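[1] output the structure for:
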Amino acid sequence: MAPKGAKRKSSGSSPGLDVPKTPKTKGCDPDSWTPPGTSLMGALPWCKPSMDWFHACVTPAGGIEKVMTANFGAEETWKDFCLWMDASFPCPPDVQYGTNADLDAPGGGPLLLRPYMLHWRHDLGLKGLIDDDVGFVLFQMVLAEGFKTNADLPGVEKLSGNRIRDVFLESQHTPMDFFPENGEILCGGLGFQKGWTRSIICMLVLACFKMNNLVDLLSDDFKGHHLCDSGRLL
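    Down below sits the predicted model:
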């Protein structure tokens, strides 16, 4: 269920990520999505250094969750990452994003979100750990196409999330309020019933951009595809 209402929001032209559906075929084969040709991927200057980083850092580290925890698991490093996401992909002041009150609204409804409202812990989703092969396919998808969640687009699925409840977690998780002036959903405050795999890949791509100083290489068009409601994620 994607709650209703929102706070601080952005239009499709504002910087953010527009997320692709988890690749599936009849057999749920992630290879159903074929990466763009080498020449096309090569034309996007952020793609090769990002893919090289994935193979050099994510796979040897033992997976996505371990990389994210090692680099952003402490409160200060997590705060720094959240502030970086907000500053690197800013939105107009009149944009409305989801609030904590929206998460408890009866019946739910569409919300616009920011990437820092997500988190990478595997127990916040229903699928558990992500296989590196699947993760890399999704990683390439976001690099090439942005993070698509707008269900109005053909072949794209919306995200469906809830407030996190510790009773379902393996250990305590404390969402952080790094943007108290906005009254938004807390940083790391969303758990997903649907779309967690795509969401953690979105965060991994952003982590890659931050750790490798790649933001300046991104095209304005790519930055413009970084928005989210239960049909998009910014």
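[2] low-confidence ranges, the chain, go.
    Residue ranges of the chain with pLDDT under 70: 1-41, 108, 126-129, 149-151, 153-156, 224-234.
[3] mind listing the strands for it?
    Assigned by DSSP state E, the chain shows strands spanning 160-163, 190-194.
[4] what's the closest of those to D94?
    strand 190-194 (22.7 Å; Cβ to Cβ). (Glycine included, C-beta is placed from N, CA and C.)
[5] neighbouring contacts of that closest one?
    1, 103, 113, 117-119, 124-126, 157-165, 168, 199 (Cβ atoms under 8 Å, 6 or more residues apart in numbering).
[6] just the buried residues out of these, in PyMOL syntax.
    In PyMOL, a selection of the buried entries from the contacts of strand 190-194 looks like this (16 or more other Cβ atoms under 10 Å):
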select buried, resi 103+113+117+118+119+124+125+157+158+159+160+161+162+164+199
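[7] would you mind telling me which of the strands of the chain is nearest D131?
    Across the strands of the chain, D131 has its closest neighbour in strand 190-194 (17.8 Å, Cβ to Cβ).
[8] now the closest one: how far from the chain's centre is it?
    On the basis of Cα atoms, centre = their mean, to the nearest Å, strand 190-194 is displaced by 12 Å from the centre of the chain it belongs to.
[9] partners of it in the sheet?
    Here strand 190-194 has these sheet partners by DSSP bridges: strand 160-163 (antiparallel).
[10] on that earlier part again, so for P90, which of the strands of the chain sits nearest?
    Closest approach to P90 among the strands of the chain is made by strand 190-194 (20.6 Å; Cβ to Cβ).
[11] sort out which of the contacts of strand 190-194 are in helices and list them.
    Among those, DSSP state H puts 103, 199 in helices.
[12] circling back to that earlier point, can you put the strands of the chain in TSV and add distance to W84?
    Listed next are the strands of the chain as TSV, based on distance: least, Cβ to Cβ, whole Å:
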stretch	distance to W84
strand 160-163	23
strand 190-194	19
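[13] tell me which of those strands sits nearest to A56.
    Relative to A56, the nearest member of the strands of the chain by Cβ to Cβ is strand 190-194, separated by 28.3 Å.
[14] give me the buried positions along the closest one.
    By neighbour count on 16+ other Cβ under 10 Å, the buried set for strand 190-194 is 190-192, 194.
[15] next one: A105 from R114, what distance?
    18 Å (Cβ to Cβ, to the nearest Å).
[16] who has more neighbours, these two?
    Neighbours per residue, other Cβ atoms under 10 Å: of A105 and R114, the larger number sits with R114, 31 against 15.
[17] is it correct that that one is in contact with D86?
    Yes: the pair R114 and D86 qualifies as a contact (Cβ atoms under 8 Å) at a distance of 7.1 Å.
[18] common neighbours of these two, please.
    By Cβ under 8 Å, 6+ apart, no residue touches both R114 and D86.
[19] would you map the helices across the chain?
    Going by DSSP H, the chain shows helices at 38-43, 47-53, 59-61, 64-72, 75-88, 100-103, 132-145, 196-211, 220-223.
[20] can I get these in a markdown table with distance to H173?
    Listed next are the helices of the chain as a markdown table, based on distance: least, Cβ to Cβ, whole Å:
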| stretch | distance to H173 |
| --- | --- |
| helix 38-43 | 36 |
| helix 47-53 | 27 |
| helix 59-61 | 21 |
| helix 64-72 | 12 |
| helix 75-88 | 12 |
| helix 100-103 | 15 |
| helix 132-145 | 21 |
| helix 196-211 | 14 |
| helix 220-223 | 30 |
